[in-house]
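Novice: how does the following fold in three dimensions:
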Amino acid sequence: MKEIAPNIYVSTEYPGVNVGFIAMPAGIIAVDAPTLPGDARAWRRRILETSGGPILYVVLTDPHPDRLLNAGLLQAPIVAARAAYDRASAYTDGFWHAAVEGWARRHPEAADDLVDARVTLPEIMFTHRVTLRKGGIDVTVECVAGAAPGSARIRCRGAGTAPLQKQDVLFTGDTLVTETHPYLTATPDTKAWLNTLKSLRRPYFSQTIIVPGRGPICDQSATLPLSKYLTLARRRVRSLHAAGRPRVDTATLVAELLPLFPVPKDEHDLTQRRIKAGLDRLYEELGPA
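Specialist: Modelled structure (predicted):
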């Protein structure tokens with residue numbers, strides 16, 4: 001865990017997603033939650049030991065199961081975009097069973113704990129933007145076009161003599177990932193996503209510390225590799241459509257995209273499947289109306 005700005009802490013050490021929290025005078029706003037149950041409980045302890053608590057809210061940056069699976073273990077109301085809630089509430093028991101099995105295969109030491117996982121859905125929803133104000137500090141959460149329906153980002157900017165003075169931090173969720181392949185299987189609009197990434201390269205964000213959904217903490221320059229990846233994927237899938245080739249032929253594109261981000265040796269097959277699933281979704285998005 002690292003304090004990346006006054007009263008803002010981030011951990012990139014848990015498998016799955018990056019997590020963080022904002023310490024405010026009245027309590028804590030947590031951003032996302034570790035995927036594995038033991039990690040979620042440990043993260044809650046670290047938050048309380050560092051700040052004294054209480055945890056006021058857990059804000060989800062999207063409804064990806066990696067974020068939602070054990071968010072309830074932080075024992076605070078979960079805040080998410082309405083579209084994220086709608087998608088999360090539509091997940092079937094079979095979907096969750098498959099997600100838990102996948103994590104148990106990759107982390108057998110946590111298999112018994114995962115069996116008892118119980119998903120807690122968001123209970124506070126917003127449609128465009130919400131400001132969480134506690135102890136005189138504003139934390140803005142807003143919907144953006146990103147990797148999944150209900151993608152949101154959290155901006156923390158300090159001013160004056162408040163505890164969040166001299167800080168500019170943005171939690172992006174999977175709208176930006178670094179040094180890892182993105183998740184495209186639920187992306188509703190990759191063109192709109194590209195526009196979001198382009199907006200992050202404006203001077204307005206030039207001094208912003210960015211916490212991506214996965215991968216190392218970065219600045220706005222980290223948006224470029226992901227933009228290039230999405231642009232290439234869109235171009236190649238459009239070529240398949242132009243040639244009248246079926247969706248199954250997206251498999252021919254995986255080898256071209258695979259080297260664009262690092263792939264851990266033990267996740268080579270998993271990453272290939274992730275890329276193929278994302279290309280299949282892109283094929284549907286870019287197909288004839």
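Novice: wasn't Ile154 part of a strand?
Specialist: Yes - under DSSP: H, G, I helix; E, B strand; the rest coil, Ile154 falls within a strand.
Novice: that one contacts Cys143, correct?
Specialist: No - counting by CB atoms under 8 Å, Ile154 does not reach Cys143; the two are 11.5 Å apart. C-beta coordinates here come from the backbone N, C-alpha and C atoms, glycine included.
Novice: next, the buried residues of stretch 138-157.
Specialist: Neighbour-count burial for stretch 138-157, counted by 16 or more other CB atoms under 10 Å, picks out 138-139, 141, 143-157.
Novice: nearest residue to Ala233 other than its sequence neighbours?
Specialist: Leu282 (5.9 Å; CB to CB, 6 or more residues apart in numbering).
Novice: after the helix or strand bottoming out on mean pLDDT in the chain, which helix or strand is next? Please name it.
Specialist: Counting by mean pLDDT, DSSP states H and E, the chain has its least confident helix or strand at strand 129-134, which shows a mean of 86. Next helix or strand after strand 129-134 toward the C-terminus (DSSP states H and E): strand 137-143.
Novice: and the angle from that following strand to strand 129-134?
Specialist: Angle of strand 137-143 versus strand 129-134, following axes from the mean of the first three to the mean of the last three CA atoms, to 10 degrees, is 160 degrees.
Novice: and the residue lying closest to Leu56 once chain neighbours are set aside, how close does it get to Glu49?
Specialist: Closest residue to Leu56 apart from its sequence neighbours, by CB to CB, 6+ apart: Gly27 at 4.1 Å. Distance, Gly27 to Glu49, using CB to CB, to the nearest Å: 14 Å.
Novice: likewise for Asp249?
Specialist: In terms of CB to CB, Asp249 sits 52 Å off from Glu49.
Novice: got it, and Thr140?
Specialist: Distance, Thr140 to Glu49, by CB to CB: 27 Å.
Novice: so the residue nearest to Leu56 touches Ile137, yeah?
Specialist: No - between Gly27 and Ile137 there is no contact under CB under 8 Å: 10.5 Å.
Novice: returning to what we had before: show me which of Gly27 and Glu49 is the more surrounded one.
Specialist: Gly27 (17 against 9; other CB atoms under 10 Å).
Novice: phi, psi of that one?
Specialist: Phi and psi for Gly27, reported as degrees, to the nearest 10, are phi 150, psi -160.
Novice: please compute how far stretch 38-46 lies from its chain's middle.
Specialist: With CA atoms, centre = their mean, to the nearest Å as the basis, stretch 38-46 stands 18 Å off its chain's centre.
Novice: what ranges does the chain have for its strands?
Specialist: Assigned by DSSP state E, the chain shows strands spanning 2-5, 8-11, 19-24, 27-31, 55-59, 78-81, 124-126, 129-134, 137-143, 152-157, 168-177, 209-214.
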